[in-house]
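1. quick one, what's the 3D model for this:
(chains A and B)
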2 protein chains.
Amino acid sequence: MTAAAQRAQQQIAARGAAAAQPKRGRGRPRKSQKPPVKVYFLGGLNEIGKNFTLYECQGDMVIVDCGLAFPDEEMLGVDLVIPDFTFVEKNREKIRGVVITHGHEDHIGAVPYLLKKLNVPVYGTALTIGLIESKLKEHNLTASAKLKVTPPGSHIKLGCFEVEFIHVNHSIADSVALALHTPAGVLVHTGDFKIDCTPEEGEMIDLCRFAELGKEGVLALLMDSTNAERPGYTQTEQTVNNSLDALFMRAEGKRIIVATFASSISRVQMIINCAVKYGRKVALSGRSMVNVMGIASELGYLDIPDGVLVDLNLINRYEPGQLVLITTGSQGEPMSALTRMAFSDHRQVAIGPGDFIILSARPIPGNEKTVGAVVDELLKQGCTVIYESMYEVHVSGHACQEELKLIHGLVKPRFFIPVHGEQKHLQKHAGLAMAMGMDRKDIFIGDIGNVLELHEDHMKQLAEVPAGSVMVDGLGVGDVGSVVLRDRKHLAEDGLIVAVCSIESETGHVAAGPDIVSRGFVYVRENEPLMEEARRVVYRALEDCANHRVRDWSDMKQSVKDELSKFLYRKTQRNPMILPIIMEV
Amino acid sequence: MTAAAQRAQQQIAARGAAAAQPKRGRGRPRKSQKPPVKVYFLGGLNEIGKNFTLYECQGDMVIVDCGLAFPDEEMLGVDLVIPDFTFVEKNREKIRGVVITHGHEDHIGAVPYLLKKLNVPVYGTALTIGLIESKLKEHNLTASAKLKVTPPGSHIKLGCFEVEFIHVNHSIADSVALALHTPAGVLVHTGDFKIDCTPEEGEMIDLCRFAELGKEGVLALLMDSTNAERPGYTQTEQTVNNSLDALFMRAEGKRIIVATFASSISRVQMIINCAVKYGRKVALSGRSMVNVMGIASELGYLDIPDGVLVDLNLINRYEPGQLVLITTGSQGEPMSALTRMAFSDHRQVAIGPGDFIILSARPIPGNEKTVGAVVDELLKQGCTVIYESMYEVHVSGHACQEELKLIHGLVKPRFFIPVHGEQKHLQKHAGLAMAMGMDRKDIFIGDIGNVLELHEDHMKQLAEVPAGSVMVDGLGVGDVGSVVLRDRKHLAEDGLIVAVCSIESETGHVAAGPDIVSRGFVYVRENEPLMEEARRVVYRALEDCANHRVRDWSDMKQSVKDELSKFLYRKTQRNPMILPIIMEV
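-> Numbers count the residues shown, from 1 in each chain, chains lettered A, B, ... in the order given. Here you go, the predicted structure:
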């Protein structure tokens, strides 16, 4: 061991001892008397999406971001997933506000649900607030909500917190990182970001401010881990610009259709610029695309020259070579505009060999198959489809390893906390911090529900608080839980058998029936003999009960279930859900 | 246009004319009188898996491969998917045999289902037949099946077909391509293959034979398109060998767990060799791993030195650093050994920070999320996990672009037919053939159900034949179809409401009930008022019927459905399946 390493170890041991004795009574006075700051990890760790973090210092609480997640395959029928608000509701008196880093769904999507529980002010940059506002309209919350626009560079006071908004680059305009100036020290919360020296819109990330903060001293850095597995740098948006230009040239005479995320305003700006350059009109397709571009254009984040935009209903007035459609559906979403075009199910757009289609997005993990199916369908229709990474029609919105290390090196935090990512991203990001010379003990890899207390010289994990996922299905928030999902899964796997029978109230013997109704089990018409036998099984089960004077309803139902289930498994090796319905006459 | 190109165009025009007038009566005699050969594409086009092709010449038919596919997300509860055998059953008299290229599920998986319909002889190399045999055992078909081992290099006569087996490299040993020598000419059907000059096991692909066939003249080439999108060459298995060696060194003192496909015999051989070199014992985990390695070792395809293999139940007798476990589950399959280890649900293996886990496989498209979840869980347990492409612990079993072009250049076929792949793979592969100088008119991109008649100088598409997917669920083959799946999907999305009511047979008025039973809809306990209201809605609907003398059962049921469905949608924005059950008393 080198002398330096030994020193480091001794320091850690000393810190460890300090951590173990937080209340040291009247001993030697501590070097400083700064109060601690607590971080409550309520979402966005070990998951993608649902970003939701709570900070507390001296009795004041600030929420950072309030996003949603999309349901995974197991969450049958669920529309979206929001954080569990139990803990913030319990602490409603302490909450000074919600600060939002940028306008993506995984950072703003749960705001309406939060505001229904807790009407606190919401702070964000102009575009972010614009997008939240449109969301609140759908929930009829605009009248009551307290939305505050705070430009990059500004500072706001929330209790003992002074929150500073720092301009960063990301795949949506007006994104910010936050510096939380607290009595305990400064915490830097990056939100989603990347370093783009030549962004399509706005300035390069305010690296200078990160450097200044680093010089002044930062207690903790919480940094986006999404791309922590990817080496190198994320390419600049200009790469996409060049690729699009080349493709527009190549597509001469054909109609161009570009699919991208509705929130990618700068990408849409590029496409519009290309359209202008090559003398094409632009039509927007997809509800969210039209909606977001409306907001962006109103707020000045999107510049569409007069006469360029045409209504999707009027595109037939133009030659294919005079048109560009910008559409949603880059993830192969079943109801999206591009998917409907591919499967000849779009009201205004019929595609064919005259179409040149560009997918300007990468499939989000889990969507590879649906995107692939849409691409295949477009190819079968004879379209030219540009979907591969080789064409550089998409760059990520998140920082890769070299960028993460750069921010780390500028901010030089006392403690490091990788956030926004699954376990593999968090661990890889911790590894990067260690490669920058940080000690493993000064890095915290958390999980949702964890609470971390940061002191000037050590950090300490406190008891967990409630955190988790609340499923939204239609109008219902939280009324779909594990039991309902288990039933849906069971029904989905093997379907359902309802066995209905009426029995004589006196004797318990079968009076009428049994009837068998099945759904999602087998083709009934082809399996009439099986159903007939099933009826006999139910009949015998009930008669057995009557003969043995079993008259308890739940016993009788259980007996029907057991016998029928055994019978059907033997015949089919399937386990349909069985619902016995017994009526007395 | 160059002179050569002009000549080519004239030739094509001449061919086109010939194609347009196949019956030219007594004109100038045709250059040759060879009979045509037909290709029936019954599986493996526009899909991954379910490879199943039928060739016909002069009344003799030969089936090549008979594989299964795994169900996609929409096929709820389905275990596996096999080809539609309608057309081959109709032509049972003509079928001379089934020839199998290699022992992967997507080439042999449907053999038992075919043999149940049609007991024809099955030909394949020793390992392929060994794996088919073990499959037939599970289906109790070993006694009746006619399995014939045909080594690479051999020729067999099947009617007018002479089928030649040509050694190729692939991710399973004993893989072959086929040359079908027919009165119409030679067809080369590659099966799955790659070119590996230094394979772990056996020889390099028999390129010489492909070259000879090319020299003699090949009518058509049907070639594997799986990797047609990937530029360059697939790396040799030796790369994996080197990586494994380095990782074994790095894992000193830890228990090594390697997850790979149960069929990757040569990969398992490498792992065993590494184990021997580093003085470790090997235990196999996972039913299919144990099964396949048993067969491979019996047939001499796997060499396990004495004393190396230990029983999984006895691994606790050894230090972690003395052990290697080879396990299934590289795709994150829910019931697989690795998944159970990750979620602490494995009977014999408890994992932790002392484990060094290598995923020696790439996620198949669609499995990225489940694999990611398993990796995350392993990381949370403190394991070291090697899963990224950078470690080179896996190489593909399929040829990339340069290899495809090489085979194309050697075989120099008159017609080219890309097979084994989705539309994007087929089109990309056709593009490669055109880059090799082939005319688009001499390339056929087919779909399942297509029939192609190949003549010496032209090809002609004939009327389609039945082809498709048959779903297997438990013991049921084909009894789950679109109606059953639609019901399962409906049940999965929003659950089920059963409304039971008895009515007086005289008047039609409600006698008892209604009762409402729900599954997979909402938490009933929290929604008692909703259910109470639902009961009233059903009551009113039925009373309305009685008052208006509506006594037709289906009308009454429809009325209950309509009213209840409207009511529930308004309250919840969900559409559960509604099953009204009305009984007369």
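2. how about the helices in the stretch 351-500 of chain A?
-> Using DSSP state H, counting those that start in this stretch, the helices assigned to the stretch 351-500 of chain A run over residues A:368-380, A:401-411, A:423-435, A:482-494.
3. which stretch among the ones you listed comes nearest residue B:546?
-> Using CB to CB as the measure, helix A:482-494 is the one of those that comes nearest residue B:546, at 32.2 Å. Every residue, glycine included, has its C-beta placed from N, CA and C.
4. what packs against that closest one?
-> Applying 3 or more CB pairs under 8 Å, 6 or more residues apart in numbering or on different chains; DSSP states H and E, we find helix A:482-494 packed against strand A:577-584, helix B:482-494.
5. report whether the shortest one contacts chain B.
-> Going back to what we said before, that points to strand A:577-584. Yes - Strand A:577-584 lies within reach of chain B by CB under 8 Å from any CB of the partner chain, at A:577, A:579, A:581, A:583.
6. which residue packs closest to the second one, ignoring adjacent ones?
-> Take residue A:579 and drop its neighbours on the chain: the residue closest to it by CB to CB, 6 or more residues apart in numbering or on different chains is residue A:498, 4.7 Å away.
7. for the one you found, give me its contacts.
-> Residues near residue A:498 by CB atoms under 8 Å, 6 or more residues apart in numbering or on different chains: A:516-518, A:579-581, B:498, B:579, B:581.
8. 7 Å instead, please
-> Going by CB atoms under 7 Å, 6 or more residues apart in numbering or on different chains, residue A:498 touches A:517, A:579, A:581, B:498, B:579, B:581.
9. same list, these, but as TSV with pLDDT and distance to residue A:320 please.
-> Formatted as TSV, those follow (pLDDT from 0 to 100; distance: CB to CB, whole Å):
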residue	pLDDT	distance to residue A:320
A:517	86	53
A:579	90	55
A:581	87	59
B:498	91	53
B:579	90	50
B:581	87	56
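10. out of these, flag the one nearest to residue A:297.
-> Comparing the contacts of residue A:498 against residue A:297 with CB to CB places residue B:579 closest, at 49.5 Å.
11. any idea what the closest one is bridged to?
-> Beta-bridge pairing for residue B:579 (DSSP bridges): residue B:498.
12. in the stretch 51-200 of chain A, which spans are strands?
-> Per DSSP state E, counting those that start in this stretch, the stretch 51-200 of chain A carries strands over the ranges A:52-57, A:60-64, A:80-83, A:95-99, A:122-124, A:147-149, A:155-158, A:161-167, A:176-182, A:185-189.
13. ranking those strands by mean pLDDT, which is last?
-> Note on those: lowest mean pLDDT is at strand A:80-83, with a mean of 93.
14. before we move on, the earlier item: separation between the residue nearest to residue A:579 and residue B:585?
-> Going from residue A:498 to residue B:585 by CB to CB, to the nearest Å gives 19 Å.
15. try residue A:532
-> To residue B:585, residue A:532 is 24 Å away according to CB to CB.
16. check residue A:562 too.
-> From residue A:562 to residue B:585 the distance is 28 Å (CB to CB).
17. how about CSV for the contacts of residue A:498, with distance to residue B:242 added?
-> Below are those laid out as CSV (distance: CB to CB, whole Å):
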residue, distance to residue B:242
A:517, 62
A:579, 59
A:581, 65
B:498, 62
B:579, 61
B:581, 67
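18. from the residues you listed, pick the one nearest residue A:157.
-> residue B:498 (57.7 Å).
19. the closest one and residue A:291: what is the separation?
-> For residue B:498 relative to residue A:291 (CB to CB), the value is 40 Å.
20. what do you get for residue A:256?
-> Distance from residue A:256 to residue A:291, by CB to CB: 22 Å.
21. does the longest strand anywhere in chain A reach chain B?
-> Selection of the longest strand in chain A by residue count, based on DSSP state E, yields strand A:510-519. Yes - Strand A:510-519 lies within reach of chain B by CB under 7 Å from any CB of the partner chain, at A:512, A:517, A:519.
22. what residues of the following helix or strand past that strand count as buried?
-> Moving toward the C-terminus from strand A:510-519, the next helix or strand (DSSP states H and E) is helix A:528-547. Residues of helix A:528-547 classed as buried: A:530-531, A:534-535, A:537-539, A:541-542, A:545-546 (neighbour count, 16 or more other CB atoms under 10 Å in any protein chain shown).
23. elements contacting helix A:528-547?
-> strand A:496-503, strand A:510-519, helix A:553-572 (3 or more CB pairs under 7 Å, 6 or more residues apart in numbering or on different chains; DSSP states H and E).
24. just to revisit the earlier point, so residue A:256 and residue A:291 - more neighbours on which side?
-> Taking other CB atoms under 10 Å in any protein chain shown, residue A:256 and residue A:291 do not tie; residue A:256 has more neighbours (28 against 16).
25. can you give the domain ranges for chain A?
-> Domain assignment of chain A by automatic domain parsing yields the ranges A:35-232+A:396-477, A:237-389, A:495-584.
26. same list (the ones you listed) but as CSV, adding distance to residue B:245.
-> Formatted as CSV, the domains of chain A follow (distance: least, CB to CB, whole Å):
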stretch, distance to residue B:245
domain A:35-232+A:396-477, 23
domain A:237-389, 31
domain A:495-584, 44
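27. for residue A:415, give me its contacts.
-> Counted by CB under 7 Å, 6+ apart, residue A:415 has contacts A:219-220, A:442, A:444, A:454, A:459.
28. tell me where the stretch 301-450 of chain A is predicted with low confidence.
-> When residues are selected by pLDDT under 70, those of the stretch 301-450 of chain A lie in A:389-390.
29. of the buried residues of helix A:528-547, closest to chain B?
-> Closest approach to chain B among those (CB to the nearest CB): residue A:530, at 9.2 Å.
30. my read is that that closest one contacts residue A:568, right?
-> No - if you go by CB atoms under 7 Å, residue A:530 and residue A:568 don't touch, sitting 8.2 Å apart.
31. setting aside sequence neighbours, what's the nearest residue to residue A:290?
-> In this structure, residue A:290 finds its nearest non-sequential neighbour in residue A:284, 5.1 Å apart by CB to CB, 6+ apart.
32. doesn't the one you found fall inside a strand?
-> Yes - counting by DSSP: H, G, I helix; E, B strand; the rest coil, residue A:284 is located in a strand.
33. list the contacts for it?
-> Counting by CB under 7 Å, 6+ apart, residue A:284 has contacts A:290, A:293, A:312, A:326.
34. gap between residue A:98 and residue A:66?
-> 6 Å.
35. what residues do these two have in common as contacts?
-> What both residue A:98 and residue A:66 touch, as defined by CB under 7 Å, 6+ apart, is the set residue A:114.
36. and the residue nearest to residue A:290, how far from residue B:369?
-> 31 Å.
37. now do residue A:537
-> Residue A:537 sits at a distance of 40 Å from residue B:369 (criterion: CB to CB).
38. what does residue A:73 give?
-> From residue A:73 to residue B:369 the distance is 7 Å (CB to CB).
39. higher neighbour count, those two?
-> The neighbour count for residue A:73 versus residue B:369, taken as other CB under 10 Å, is higher for residue B:369 (18 against 9).
40. hmm, that one is touching residue A:365, no?
-> Yes - using CB under 7 Å, residue B:369 is in contact with residue A:365, at 5.8 Å.
41. okay, now residue A:189: neighbour count?
-> Neighbours of residue A:189 using other CB under 10 Å come to 25.
42. could you give the bridge partners of it?
-> Residue A:189 has these beta-bridge partners by DSSP bridges: residue A:178, residue A:222.
43. check contacts around it.
-> A:64, A:177-178, A:180, A:222.
44. right, and residue A:107 touches residue A:65 too?
-> Yes - using CB under 7 Å, residue A:107 and residue A:65 qualify as a contacting pair, with a distance of 4.4 Å.
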